[in-house]
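Q: Model the structure of this input:
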Amino acid sequence: MDRALCGLIGLAVLFVLLGVLMLLGRGDWLIAGYNTASSKEKERVHIGRLRVLVGGLLFYVAVLLPIVKFYAAWWFPSIPILVGVFPVIILANTRGR
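A: So this is what the prediction gives:
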């Protein structure tokens with residue numbers, strides 16, 4: 001097996017584990033800015049929805065990593081980013097609050 005593919009699969013497994021951690025409610029420290037937010041700012045955030053969004057994003061990236069290895073076209077990585085990552089950012093700033 002290709003060494004780069006093994007690294008991507010290992011990284012994908014790490015993202016799956018972090019996604020499970022997030023969905024179990026133990027991964028709030030993974031959400032950028034949430035740890036450093038004041039308690040007043042934390043009250044404005046619906047942490048349950050935000051956990052689901054970030055956990056889903058981690059699973060999405062975990063599935064995407066090994067697939068990108070096989071499609072080496074220069075334009076291919078931009079499609080999953082537009083389809084998956086940007087909507088999660090928008091949802092995190094609208095439904096997560």
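
Q: can you list the weak-confidence ranges in the protein?
A: Across the chain, residues meeting the criterion (pLDDT under 70) sit at 1, 71-77, 96-97.

Q: What segments of it are strands?
A: Ranges of strands in the chain, per DSSP state E: none exist.

Q: Output the contacting helices and strands for the longest helix along it.
A: Longest helix in the chain by number of residues, with DSSP state H as the criterion: helix 47-70. Secondary-structure packing of helix 47-70 (3 or more C-beta pairs under 8 Å, 6 or more residues apart in numbering; DSSP states H and E): helix 3-23, helix 78-80, helix 86-94. To be clear about C-beta, it is placed using only N, CA and C from the backbone, and glycine gets the same treatment.

Q: Quick one: those helices as a markdown table, columns for mean neighbour count too.
A: Output for those, formatted as a markdown table (neighbours: other C-beta atoms under 10 Å):
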| stretch | mean neighbour count |
| --- | --- |
| helix 3-23 | 15 |
| helix 78-80 | 12 |
| helix 86-94 | 12 |
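
Q: for those, which one sits closest to V52?
A: Across these, V52 has its closest neighbour in helix 3-23 (6.9 Å, C-beta to C-beta).

Q: Put the alpha carbons of the closest one into PDB.
A: The C-alpha coordinates for helix 3-23 follow below in PDB (Å, rounded to 0.1, in the frame of the first residue of the first chain):
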ATOM      1  CA  ARG A   3       2.800   5.300   2.100                       C
ATOM      2  CA  ALA A   4       0.800   8.500   1.400                       C
ATOM      3  CA  LEU A   5      -2.400   6.600   1.400                       C
ATOM      4  CA  CYS A   6      -1.600   5.000   4.700                       C
ATOM      5  CA  GLY A   7      -1.000   8.400   6.200                       C
ATOM      6  CA  LEU A   8      -4.400   9.700   4.800                       C
ATOM      7  CA  ILE A   9      -6.200   6.700   6.200                       C
ATOM      8  CA  GLY A  10      -4.600   7.300   9.600                       C
ATOM      9  CA  LEU A  11      -5.600  10.900   9.400                       C
ATOM     10  CA  ALA A  12      -9.200   9.900   8.400                       C
ATOM     11  CA  VAL A  13      -9.300   7.500  11.400                       C
ATOM     12  CA  LEU A  14      -8.200  10.400  13.700                       C
ATOM     13  CA  PHE A  15     -11.000  12.600  12.300                       C
ATOM     14  CA  VAL A  16     -13.600   9.800  12.800                       C
ATOM     15  CA  LEU A  17     -12.500   9.500  16.400                       C
ATOM     16  CA  LEU A  18     -12.600  13.200  16.900                       C
ATOM     17  CA  GLY A  19     -16.100  13.300  15.300                       C
ATOM     18  CA  VAL A  20     -17.300  10.600  17.700                       C
ATOM     19  CA  LEU A  21     -15.800  12.600  20.600                       C
ATOM     20  CA  MET A  22     -17.600  15.700  19.400                       C
ATOM     21  CA  LEU A  23     -21.000  13.900  19.000                       C
END
